[in-house]
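Q: turn this into a structure:
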Amino acid sequence: MNRRTTLTGSLALLALLASACTGTGGSSKGADAKAPDDPSKVKGSLTVLTHRTDLVQDGTMKKYAAEFNETYPGVKVEFDGLTDYEGEVKIRMNTENYGDVLMIPAVVEKKDYPKFFASLGTKAERAAKYRFTDYSTVDGKVYGQSPVGVVPGFIYNKRVWSEAGVTDWPTTPAEFLDDLKAIRSKTDAVPYYTNFKDMWPLTQWTNVNGSVGCDPHATTKLAEGDPWAEGADLRVGDTLLHDIVRGGLAEKDPTTTNWEGSKPKLAKGEIATMWLGSWAVVQMRDAAKQAGADPADIGFMPFPAQRDGTFCAVTSPDYQQAVNVNSDNKEAARAWIDWFTDKSGYAEANLALSPLKDAPLPAVLEPYEKAGVKLLDLEDSKGAEVKSLDNRSEVGIYKPDYRQELVDLARGARKGGLDDYLGGLGERWAEARSALGS
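A: Numbering: from 1, shown residues only. Next up, the predicted model:
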């Protein structure tokens, strides 16, 4: 895969995994995967399931395994790269054979983690060293660890923005719209590109949650209130997306967009801006090199909102590695996760945010660091509740459908007004909260 995998899920898949909990999958041969005391005594063979098929195919994962063996010579590591990772793994999880180490599929409900994965330790001990522990904590124990983190922001072509006379980051949605209008009038670039047809880029807009209000408890607010209430983060973000399209500041026909094609276009300045995340900076710079453009033209800016004069951006984990609760090689599996997280250099190689709290920020976030952007690690104790509400309401804040409808509304392909549309989403969310007793 060449993009960060977005969260997916459906009631059908959840039902499938729920049935697995009462079948052969989910049995317990010991719930903890303890860290080894003596690397020389750790033995076993590991199968590591991964969505990074590109790194398996080009030999990068094999190199990681060789470096791992310098510390753990008694462990043999093999990789199983899966193109349709979510689809393949949820089928395998009907049995006990879903690798020794795997990335936790988005379809598995958080409350079910102990049925499928071995504990890596308590939240108290792991949170002192690592980011993102909340995302896989159940009853005080942690069941997964992401090797990388990401930060949301606008990928933009600095040369195009400068040609339009814009050199400072906008601090409000209104300023952002004015800047896009300047790009439209003073350059030949498409001011903003939705990537509507590929769908998944639209889900990235959910990452405005927390970034707008600079609130580490933004996920809790989703669980306890209306995400589209006046001034709420998702309403601010969705309104901006609507106004961009409504104002003719996006591509003329969103149904013809192309993700792979958009990368060289942004690199060359044919597209000015896209809302994605820090993971995309490397891809855009690589596209610039391949297109004969200047990689230094690729910039990264936070959402146009400030709290007390400061920009904020939330951090979030990518897939989280976990140990199969049924594995006969839990100690070796735990050794792999610890080594890959702490020692492999995977985060640095991908210019990603390290899960280690004391690690320096990656080079792609230097603009954020220089501008004093505040990075927020969201408290995720109610993350599972939010996903349940999302499934029950059928809104899909982690899916592209409702924002495709929002874009269609903005471009006149769908009848209705913005307030009524967002209000309807809020009503469905409230009904789900009532039904679930939230």
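Q: show me where the stretch 201-350 of the chain has helices.
A: With DSSP state H, counting those that start in this stretch as the criterion, the stretch 201-350 of the chain has helices at 218-224, 233-246, 259-268, 279-291, 330-342, 346-349.
Q: mind checking which of those is nearest Leu422?
A: helix 233-246 (5.9 Å; CB to CB). (C-beta placed from N, C-alpha, C; glycine too.)
Q: give me the distance from the closest one to the chain's centre.
A: 20 Å (CA atoms, centre = their mean, to the nearest Å).
Q: can you check stretch 245-252 too?
A: A distance of 26 Å separates the centroid of the chain from that of stretch 245-252, by CA atoms, centre = their mean.
Q: returning to that earlier point: can I get the helices of the stretch 201-350 of the chain in TSV with mean pLDDT and distance to Glu175?
A: Listed next are these as TSV, based on pLDDT from 0 to 100; distance: least, CB to CB, whole Å:
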stretch	mean pLDDT	distance to Glu175
helix 218-224	96	23
helix 233-246	98	11
helix 259-268	96	21
helix 279-291	93	23
helix 330-342	97	39
helix 346-349	92	33
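Q: okay if I get those as a markdown table plus mean neighbour count and distance to Glu427?
A: Shown next, in a markdown table, are the helices of the stretch 201-350 of the chain (neighbours: other CB atoms under 10 Å; distance: least, CB to CB, whole Å):
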| stretch | mean neighbour count | distance to Glu427 |
| --- | --- | --- |
| helix 218-224 | 20 | 15 |
| helix 233-246 | 21 | 14 |
| helix 259-268 | 20 | 33 |
| helix 279-291 | 19 | 34 |
| helix 330-342 | 22 | 42 |
| helix 346-349 | 17 | 41 |
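Q: so which of the ones you listed gets nearest Met103?
A: Taking CB to CB, helix 330-342 is the member of the helices of the stretch 201-350 of the chain nearest to Met103, at 10.8 Å.
Q: how far off centre is that closest one?
A: 22 Å.
Q: next, the angle from the helix ranked longest in the chain to helix 233-246.
A: Taking DSSP state H as the criterion, the chain has its longest helix at helix 418-436. Using axes from the mean of the first three to the mean of the last three CA atoms, to 10 degrees, the direction of helix 418-436 lies 150 degrees away from that of helix 233-246.
Q: okay, buried residues for helix 418-436 please.
A: Using 16 or more other CB atoms under 10 Å as the test for burial, helix 418-436 gives Leu418, Tyr421, Leu422, Leu425, Gly426, Arg428, Trp429, Ala432, Arg433.
Q: list the helices and strands it packs on?
A: Under the contact criterion of 3 or more CB pairs under 8 Å, 6 or more residues apart in numbering; DSSP states H and E, helix 418-436 touches helix 233-246, helix 383-393, helix 401-410.
Q: now render those helices as JSON lines, adding distance to Gly81.
A: As requested, these are exported to JSON lines (distance: least, CB to CB, whole Å):
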{"stretch": "helix 233-246", "distance to Gly81": "34"}
{"stretch": "helix 383-393", "distance to Gly81": "27"}
{"stretch": "helix 401-410", "distance to Gly81": "29"}
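Q: wait, which of these is closest to Val314?
A: helix 233-246 (9.6 Å).
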